[in-house]
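Q: A structural model of the following input is requested.
(chains A and B)
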There are 2 protein chains.
Amino acid sequence: MITNEIPPGARELLDRLRSGHRLALARAISMVENGKPGFEWLLHEIHRELGRAQRIGVTGPPGAGKSTLVSGLTRELRGRGETVGIVAVDPTSPFTGGALLGDRIRMNDLATDDGVFIRSMATRGSLGGLSTSTHEVADLLDAFGFSRVLLETVGVGQSELDIAGAADTTVVVLVPESGDSIQAMKAGLMEIADVFVINKADRPGADRLAQELELMLHMRMGEGGSAGAGHHGVSLRSVGRSARERAKEAAAQRHEWAIPVLKAIGQSGEGVAELLAIIDGHTGYLEESGELSRRRRARLADRVRGVVDRLLRRWTWSDGRGEELLAGALAELETGELSPYEVGDRIVRAITSSTR
Amino acid sequence: MITNEIPPGARELLDRLRSGHRLALARAISMVENGKPGFEWLLHEIHRELGRAQRIGVTGPPGAGKSTLVSGLTRELRGRGETVGIVAVDPTSPFTGGALLGDRIRMNDLATDDGVFIRSMATRGSLGGLSTSTHEVADLLDAFGFSRVLLETVGVGQSELDIAGAADTTVVVLVPESGDSIQAMKAGLMEIADVFVINKADRPGADRLAQELELMLHMRMGEGGSAGAGHHGVSLRSVGRSARERAKEAAAQRHEWAIPVLKAIGQSGEGVAELLAIIDGHTGYLEESGELSRRRRARLADRVRGVVDRLLRRWTWSDGRGEELLAGALAELETGELSPYEVGDRIVRAITSSTR
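A: Have a look, this model is predicted:
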């Protein structure tokens, strides 16, 4: 049982975390990231203290300027006296095991601010369960007391889904150069966005991309849209701001959310305040429509599934006899005498019957 | 046991697959993709027939022109009388469940060629085990008798690692617009490439990107490089083709692989024949250096891990009582009376002790 496995020092760590020590927070995050003994106990202990921070996901293709936008949002929030925890998920080399140097250097000026905490996380191999650990690090920042938790990741593949699953509001950042809107659809970004930001909007093609996105959001509405979040009443011709505002207002009255497409220039800060206003508007929509509790309930269920799968994998490959059995079968696998399916079957049988 | 669970029709399907019916191939792939009863038995049966096809992975950011390049490679191979099976992994919306329309339409002219088979696969949610199913679909194409299997995917996040894990040779496609080389590193592409292609090389910035990549590959060499594949002797000034050739030759003598950076224009077919020559050169290197058996052995072990994890998940969430137990705890999870860790622990205990 989780509560029977409290390693020495974990209680002190929890106490120091609760009294607001940044070093304790950093240590707790490392514990979770590396799956160190006691990390599940720690997360179990803080579970009741969660739910105060608003969680905002920021995702988009590489080079879209997500980090710059996150920095901008953070400065804006700090100016209002809020505190901000940032989780930046960076793709990792599975060969070297380390995280690769990215945009994080651009956030250096925030690193000295006591109201801000930045943590980079490396994506791991397929056994890593990145999704679950990202959510768990967000929990730690929430429990620590930050009023906002920003989750940032490159949004192609699986990681943007993980971020969307962890966030109350998901911001998808595109740039004119990031390809046409078909590419955006292909990348699966259309389905996770609560807000679209076209960053670097002073570059050519920004208006066209905005119009295409609006059209596609409009078309998608015809297909029924995704759960609880349809797009309404914005035609290709009504891309102007007031039309968007009118559509949003109408949607809000029906407890629906019309996904806005906002143009911004992260570098100069243009559009950042408006983005924050949209995010806060989305929070209002989530609360009033009951969508917030629905999202958080789904998140809890997902967390349980993630915890179970991780426990099962650990029990098989680390604590259990999985690797030993696999090593013993490798020669026969190579000659073709055994198939991976026979070996897999054998391993599952062996480990499940040996649990008693 | 896998061999005890042969559903009606599966034997006939296997027979028809072995005698080269394309429809049987399509059905077998669907069976594997959807995890239909008997799919593991089918894969088990064909296991001994594998290893003849050369597996080539093609990955890169959205909009890099991967599909165009794959089409070009396919036409070149067809001209030489080879047959080609293509697996295109498209990111999917986790909300609608369907694959999104992508570049695949551009391959339509190949679809009527009997020596070519194209299959799009959709990425699933986190329970999907995309990696394992992609490898398994490649197995089916291998067993069917295609001399080459091309695996294509958008390369940011996890999917490019999955493709690299499935391929003998991995081609990473970049474009001048896809951001600077720091972004390429950030995307983790540096570690999986056996060949870099700078596509759309007639656009501005191609030469600069090529030089940056060469420099980075050179720098990486100082860090020791990845297992068995270091980069050698190509300085910033020797980007010209002959220097590259010389470096490759020298590396081949030491049984090492100097990762080439090739410029191409997929649209016009420029560079496609040279890419194929590099790929075949890499195959030679893999065979002579023993790296091919090392890669295939690692792939077999990974496959077993994937099969085991999938069996365990199925046993927990589909056949087992996982969802039932989770549903029963949801109310207490929401009030905070129970943490996901307590519930997870409880589920793992319940299902593992009930297997006997």
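Q: ok, and for stretch A:65-84, which residues are buried?
A: A:65-77, A:83-84 (16 or more other CB atoms under 10 Å in any protein chain shown). In short, each C-beta sits where N, CA and C put it, glycine included.
Q: quick check, central residue of chain A?
A: Nearest residue to the geometric centre of chain A (CA atoms, centre = their mean): residue A:163, 1.8 Å.
Q: ok, it - contacts?
A: Residue A:163 makes contacts with A:57, A:58, A:59, A:89, A:134, A:151, A:152, A:153, A:155, A:170, as judged by CB atoms under 8 Å, 6 or more residues apart in numbering or on different chains.
Q: can you do 10 Å?
A: The neighbourhood of residue A:163, defined by CB atoms under 10 Å, 6 or more residues apart in numbering or on different chains, consists of A:55-59, A:87, A:89, A:131, A:134-135, A:138, A:151-155, A:170-172, A:192.
Q: check residue A:149 too.
A: Applying CB under 10 Å, 6+ apart, we find residue A:149 in contact with A:52-57, A:83-87, A:117, A:137-142, A:166-168.
Q: and the residues you listed, which of them are buried?
A: By 16+ other CB under 10 Å, those give A:53-57, A:83-87, A:117, A:137-142, A:166-168 as buried.
Q: going along the chain, name the strands of the stretch 101-250 of chain A.
A: Applying DSSP state E, counting those that start in this stretch to the stretch 101-250 of chain A gives strands spanning A:116-122, A:148-154, A:169-174, A:195-198.
Q: residue B:275: which of these is closest?
A: Closest approach to residue B:275 among these is made by strand A:148-154 (26.2 Å; CB to CB).
Q: what strands flank that closest one, and is each parallel or antiparallel?
A: Taking DSSP bridges as the criterion, strand A:148-154 forms sheet pairs with strand A:54-60 (parallel), strand A:84-90 (parallel).
Q: could I get those as TSV with distance to residue B:267 and mean pLDDT?
A: TSV is the format used below for the strands paired with strand A:148-154 (distance: least, CB to CB, whole Å; pLDDT from 0 to 100):
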stretch	distance to residue B:267	mean pLDDT
strand A:54-60	26	91
strand A:84-90	32	87
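Q: where does the prediction get shaky in the stretch 1-150 of chain A?
A: Where the stretch 1-150 of chain A drops to pLDDT under 70, the residues are A:1-5, A:62, A:90-108, A:122-130.
Q: rerun at 90
A: A:1-8, A:33-37, A:48, A:51, A:59-67, A:88-113, A:119-134 (pLDDT under 90).
Q: what's the longest helix in chain A?
A: helix A:291-313 (DSSP state H).
Q: strand A:169-174 and that one, what's the angle between them?
A: 80 degrees (axes from the mean of the first three to the mean of the last three CA atoms, to 10 degrees).
Q: after helix A:291-313, which helix or strand is next?
A: Reading on from helix A:291-313 to the C-terminus, the next helix or strand found by DSSP states H and E is helix A:322-335.
Q: contacts for that next one next, please.
A: So helix A:322-335 is contacted by A:313-317, A:321, A:337-340, A:342-344, A:346-351, B:47-48, B:293, B:296-297, B:300-305, B:308-309, B:312 (CB under 10 Å, 6+ apart).
Q: buried subset of those residues?
A: If we count by 16+ other CB under 10 Å, the contacts of helix A:322-335 have these buried: A:313-317, A:338-340, A:342-344, A:346-348, A:351, B:47, B:296, B:300-305, B:308-309, B:312.
Q: got a markdown table for the strands of the stretch 101-250 of chain A, with distance to residue A:24 too?
A: Formatted as a markdown table, the strands of the stretch 101-250 of chain A follow (distance: least, CB to CB, whole Å):
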| stretch | distance to residue A:24 |
| --- | --- |
| strand A:116-122 | 12 |
| strand A:148-154 | 17 |
| strand A:169-174 | 28 |
| strand A:195-198 | 34 |
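Q: determine the set of other helices and strands touching the helix or strand hosting residue A:11.
A: Under the criterion DSSP H and E, the helix or strand holding residue A:11 is helix A:10-18. Packing partners of helix A:10-18 (3 or more CB pairs under 10 Å, 6 or more residues apart in numbering or on different chains; DSSP states H and E): helix A:22-33, helix A:39-46, helix A:130-144.
Q: using CSV, lay out those together with distance to residue B:330.
A: Below are those laid out as CSV (distance: least, CB to CB, whole Å):
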stretch, distance to residue B:330
helix A:22-33, 24
helix A:39-46, 17
helix A:130-144, 17
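Q: count the residues that sit near residue A:283.
A: Residues contacting residue A:283 under the criterion other CB atoms under 10 Å in any protein chain shown number 16.
Q: thought it was touching residue A:147?
A: No - with contacts counted by CB atoms under 10 Å, residue A:283 stays clear of residue A:147, the gap being 11.7 Å.
Q: hey, what's in contact with both of these two?
A: residue A:54.
Q: residue A:33 contacts residue A:132, doesn't it?
A: No - Residue A:33 lies out of contact with residue A:132 (CB under 10 Å); the separation is 11.1 Å.
Q: measure residue A:217 to chain B for me?
A: Going from residue A:217 to chain B by CB to the nearest CB, to the nearest Å gives 14 Å.
Q: does that residue really touch residue A:196, like I thought?
A: Yes - counting by CB under 10 Å, residue A:196 is a contact partner of residue A:217 at 8.0 Å.
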